[in-house]
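# Predicted structure and sequence below. I'll ask about it afterward.
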Amino acid sequence: MTTTNSTEATTLRSRRCGTLRAADVGASVQLGGWVHGKRNLGGLVFLDLRDRDGIVQVSVDPALVGDAVRDTAAAVGKESVVLVEGDVVRRPPAGENRDMATGEIEVKARSVRVVGPAVTPAIPVARAKGEALPSEEQRLRYRYLDLRRPELQHNLILRHRLMQATRRFLSGEGFLEIETPILTKPTPEGARDYVVPSRLHRGEFYALPQSPQLYKQLLMVSGFDRYFQIARCFRDEDLRADRQPEFTQIDIEASFVQAADIIRLTEALFVELWREGGHAITAPFRQMRYAEAMERYGIDRPDLRYGLELFDASDLFGATELGIARSAIAAGGRVRGMRVPNGASLSRKQVDDLEAVAKSAGAGGLLRLKRENGEVTGPPAKFLDAGARERLALADGDLAVFAAGPDRVTNPALDRVRQEAARVMGIIPADALEFLWVTDFPMFERDHETGALGATHHPFTAPHPDDAGLLASDPPRARAQAYDIVLNGMEMGGGSIRIHDPEMQRRVFALIGIDDETAQRRFGFLLEGLRSGAPPHGGIAMGVDRIAMLLAGTPSLRDVIAFPKTTTASALFEGAPSKVPDADLRALHVRIADTNGKE
């Protein structure tokens, strides 16, 4: 009996290795895969044959196949590609491997043919239990081998399933998948563009899109009231483990909607994606205004898995003779901090390390107090009277730390301290999923050096209906119809209701320093579209890479991307970026200048 599966069978293969089970005993199969491991017991040779579905043991018995086939199996090198024909048999009870999905059976070979002999792998694919991985640099250099690891294959298969689940869900909600251009017009969206010189248009350049923002708005103008795209985006910015120069996002836009509609849709999509990843979550998610998030946590993407909320202690310290506090308050700043339950148990070095974290984020240092045996101690304690000490509300064994200064300095410092204190105290629940919507972002942010206004999200975000009048009287106080979705302190996506009134768009451009001439030159195609009759519309974009990373349980985006870049935006496997021949540069009308601007 030959067993086949229509989704697996080809002329060379009837089944995938990892799909075989005890129910297949008696079946005749054709397998193709890589030699994961080999054991030569003198006469009998065992091959562990691997494909993307897993590993199956193949036994090669010279009594059944002859010495020539046995010698072929004995000589084959690891990671060579072989074709095997044989029969599925049950292993003897003593030979079963409970750690393998195929561990109850093996394939008794009738033939073994090497079709892709391999040199000794530069990095190992099969590793002993507990054996460390090669360095990431090595793994990226030999990515084709690294991608053979079952862990990475699992990650990329999960990513595929997540994208297919996205398409099914959004298609079921009436959305149309529409592609937008990759070669587009340079527009400011918060990061540097990657630019592409044009051969046909001398001295002119395309840009790779940071997002499909303007195109999806124009699709709304065109009457495609529900659009989505699994879009490739490009940003020339400094990288880290959870950021890549080219990334993928689930891009959504809809007409005749308000923020609540986009929020409900996104929550339903996340429920589906997390179900696909093996987790049950429920909606609706919590919501918090931006101002509240900044006041309680010092950041607009707070991790809600633990407490350690910030509080304002300016009234406690402002009346004291503590110079650092008085100076900060007199300059318009505040004294803010947090209570760390049982934090008095931390060593002096651990608290010093918390202060180092604050300093690395820009703060001058930390004020420290702790309560032990009913007494509040620490350098600032002598400046506080008994009433002030009690108002701190420290329980016995608690630590309190404070930073003094303007919020723009103390917010990032205290956020970092909060995260580090939670880690050191071991109070972060490993399996908790705390989703949060942060809403009512400020529409503008002011550069504290130049005083110029800039768009907090992007200049196409609509003002909050209650704050439209503030654009004329007090723009920094205006809120935007913007919303971010956060999970465990990590931003998963963000969006907004867009400006659909061309006059309002012109006013917003003017507030951030884009005059009419510049607006027409850079965004004329959008403004022209808005003047042609634009419906109210809005949307959101969510990072596919980040979602897949979290659901795969890996700490790096590079583990869910087939061919990622390093933190210096280098592609080690293919050797990009690389120099371009002079003839090609001349055809593109480009000359290379040195660091002094000389050609």
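Yep, that arrived. Numbers count the residues shown, from 1 in each chain.

# Tell me the secondary structure of the residue in the chain sticking out farthest from the centre, please.
What lies farthest from the middle of the chain is A63; by C-alpha atoms, centre = their mean that is 54.5 Å. Three-state call for A63 (DSSP: H, G, I helix; E, B strand; the rest coil): helix.

# So what's the gap between the lowest-mean-pLDDT helix or strand in the chain and the chain middle?
Lowest on mean pLDDT, DSSP states H and E among the helices and strands of the chain sits helix 386-391, with a mean of 87. Between the centre of helix 386-391 and the centre of its chain there are 44 Å (C-alpha atoms, centre = their mean, to the nearest Å).

# List the buried residues in it.
Neighbour-count burial for helix 386-391 flags 388-389 (criterion: 16 or more other C-beta atoms under 10 Å). C-beta coordinates here come from the backbone N, C-alpha and C atoms, glycine included.

# go on, stretch 204-220?
In stretch 204-220, the ones that count as buried by 16+ other C-beta under 10 Å are 205-220.

# Those in helices, which ones?
Judged by DSSP state H, those include 213-220 as members of helices.

# Who are the contact partners of the residue nearest to the residue farthest from the centre of the chain when sequence neighbours are not counted?
Ranked by C-beta to C-beta, 6 or more residues apart in numbering and with sequence neighbours excluded, the top spatial neighbour of A63 is G43, at 7.9 Å. The contact partners of G43, taken as C-beta atoms under 8 Å, 6 or more residues apart in numbering, are 61-63, 70.

# Over to A118?
So A118 contacts 34-35, 77-81 (C-beta under 8 Å, 6+ apart).

# ok, 7 Å please
Residues near A118 by C-beta atoms under 7 Å, 6 or more residues apart in numbering: 77, 79-80.

# Distance of it relative to V351?
54 Å (C-beta to C-beta, to the nearest Å).

# can you check A283 too?
A283 is 40 Å from V351, by C-beta to C-beta.

# cool, F317 as well?
19 Å.

# Compare the two and say which is more crowded by neighbours.
F317 (24 against 21; other C-beta atoms under 10 Å).

# per-residue confidence at the closest residue to the more buried one other than its chain neighbours?
The shortest distance from F317 to any non-neighbouring residue, by C-beta to C-beta, 6+ apart, is to A325 (3.8 Å). The model reports A325 with a pLDDT of 92.

# Now do the SS call for A325.
Here A325 is helix, with the state taken from three-state DSSP.

# My understanding was that it contacts V335; is that so?
Yes - in this structure, A325 is within contact of V335 by C-beta atoms under 7 Å, at 4.9 Å.

# overlap in contacts of those two?
With C-beta under 7 Å, 6+ apart, A325 and V335 have common neighbours 317, 404.

# Just confirm M504 is within a helix.
Yes - note on M504: a helix contains this position according to three-state DSSP.

# Next one: it from M443, what distance?
In terms of C-beta to C-beta, M504 sits 11 Å off from M443.

# and the two? which has more neighbours close in?
A direct count of neighbours by other C-beta under 10 Å for M504 and M443 places M443 higher, at 30 against 15.

# and the closest residue to that one other than its chain neighbours, bridged to which residues?
Closest residue in space to M443, ignoring its immediate chain neighbours: A480 at 4.0 Å, by C-beta to C-beta, 6+ apart. Under DSSP bridges, the beta-bridge partners of A480 are P463.

# Quickly list what L83 is bridged to.
In beta-bridge terms (that is, DSSP bridges), L83 pairs with G32, R113.
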